[in-house]
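Asker: Predicted model, plus sequence, below.
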Amino acid sequence: MFTGLIGDVGEVLEVEMRGDMRARIGCSWPAGDIPMGASIACDGICLTVISTGTEPREWFDVEISAETLSRTNIGADGWLVGRRVNLERSLRVGDELGGHIVSGHVDGVARIVSVRDEGDSTRYTFEAPAELERFIAPKGSIALNGTSLTVNEVEGARFGVNLIPHTKKVTTWGDAAEGDLVNLEVDTVARYVARLRDAG
């Protein structure tokens, strides 16, 4: 379980296919403080730590299944060495819940269709997969590349969010551009409300 508040920006150091995909991610957290089996959200994808190390910098390894590749932007555009990724460690009892409840189970991949500055903030417009548009509502929560964000407006499968300069500085959003593919997780509450409505 996560909150969508990014704790670090990591870097993909190595990528290897061993049946599943294995990736090594550099981070600023001390590797000795990351236990084996820990859950870390990497661009919003809940992945399990299988190894850690300190050379040439602090790092942890994760394995990524074919199912995860098929549902996320890893399979869509790949994780190349040097790519920066948003990182969040799992929520612990007593931690502040400053974002919203995020599971790290990506529902689909959205595309950035426009980026424009609005004052000091930046407005991003996304296009979601058609099957997910009913879960996205104005002023509702959404997780994009693991970041907890508030939806401004919705028009069909397209929706917009505003990012303040601080968010762009402490996440990978300052690198985002039109055409980029991002991991999308809809709000858990919205998913269950829709399920109840469908059940009649």
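Answerer: Looks like it arrived, so ask away. Numbering: from 1, shown residues only.
Asker: From A130, how far off is the closest residue in space to F135 that isn't next to it in sequence?
Answerer: The shortest distance from F135 to any non-neighbouring residue, by CB to CB, 6 or more residues apart in numbering, is to V186 (3.9 Å). For glycine as for every other residue, the C-beta is placed from the backbone atoms N, C-alpha and C. When distance is defined by CB to CB, to the nearest Å, V186 is 13 Å away from A130.
Asker: of the two, who's got more company?
Answerer: Counted by other CB atoms under 10 Å, V186 and A130 do not tie: V186 has more neighbours, with 22 against 10.
Asker: The more buried one reaches I136, doesn't it?
Answerer: Yes. Counting by CB atoms under 8 Å, V186 touches I136, with 6.5 Å between them.
Asker: got any residues that touch both of the two?
Answerer: Residues within reach of V186 and of I136 at once, by CB atoms under 8 Å, 6 or more residues apart in numbering, are I142.
Asker: Point out where the protein drops to low pLDDT.
Answerer: Across the chain, the ranges flagged by pLDDT under 70 are 76-77, 93-97, 192, 195-196, 199-200.
Asker: hey, where'd the helices end up in the protein?
Answerer: 66-71, 73-77, 165-170, 188-199 (DSSP state H).
Asker: Mean neighbour count, those: which tops it?
Answerer: Of those, the one with the most neighbours on average (mean count of other CB atoms under 10 Å) is helix 73-77, at a mean of 18.
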